[in-house]
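# No sequence on hand, only this structure:
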């Protein structure tokens, strides 16, 4: 029985494109109908529908192909767990043109080194994102979600509510906002009010 190649490609954001990964998988001998993908999901998220379908599609003797290990997993434990799952099924794992052999000590070491680099790269991305957000916050460029009502509107809404003449529903309708927005506005202007 001929081994079937099952391919998997992933990109983290909706703005990224899978074309290059699909082309790499095609060059590695994976047919288009056997390529499974996840779009807009990170490698740290194990709950990926495309990955689950690809893992379900492989049978003993098949080859599971990914262009690079970081497309498959972004942590050492996750990479190992997937590799072990494939090994138990009798499926070989190909990282690009290299087939990973879990019984070969050098292959195992190489796989662990690649997984460590993939995890390290993911950690660096998270660290740079946090640093970038801290810098933006310090410069006043990252202020979070802005209130729907201006300061003047918020004061007027609070005054009208305090008069007792208007219900929460009335205020929501008058200011064209939702009831939760009215509650948040009232809480901001007088913290004793509970939604």
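Structure's in. What do you need? Keep in mind that what you see is a predicted model, and the values were worked out from it rather than measured.
# Flag every buried residue along stretch 27-46.
28, 30, 34-38, 41, 43-44 (16 or more other CB atoms under 10 Å). (Each C-beta comes from the backbone N, C-alpha and C, glycine too.)
# repeat for stretch 117-135
118-119, 122.
# how about CSV for those, with pLDDT and secondary structure added?
Below are the buried residues of stretch 117-135 laid out as CSV (pLDDT from 0 to 100; DSSP: H, G, I helix; E, B strand; the rest coil):
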residue, pLDDT, secondary structure
118, 78, helix
119, 83, helix
122, 79, helix
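# Serialize those to JSON lines and add fields for distance to residue 15.
Shown next, in JSON lines, are the buried residues of stretch 117-135 (distance: CB to CB, whole Å):
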{"residue": "118", "distance to residue 15": "21"}
{"residue": "119", "distance to residue 15": "23"}
{"residue": "122", "distance to residue 15": "18"}
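# now, among those, which is nearest to residue 102?
Nearest to residue 102 among the buried residues of stretch 117-135, counting by CB to CB, is residue 118 at 17.3 Å.
# coming back round to it: have a look at the buried residues of stretch 27-46 and tell me the least confident one.
Ranked by pLDDT, the buried residues of stretch 27-46 bottom out at residue 43 (68).
# Now the element after the strand ranked longest in the chain, going C-ward?
In the chain, with assignment by DSSP state E, the single longest strand is strand 5-11. Tracing the chain past strand 5-11, the next element assigned as helix or strand by DSSP states H and E is helix 19-27.
# which residues of the chain fall in strands?
Remark: strands assigned in the chain by DSSP E are 5-11, 35-39, 63-66, 92-95, 98-100.
# Given the longest strand of the chain, what are its sheet partners and their directions?
strand 35-39 (parallel), strand 63-66 (parallel) (DSSP bridges).
# Any idea which of the strands of the chain has the lowest pLDDT on average?
When I compare the strands of the chain, strand 98-100 is least confident, with a mean of 84.
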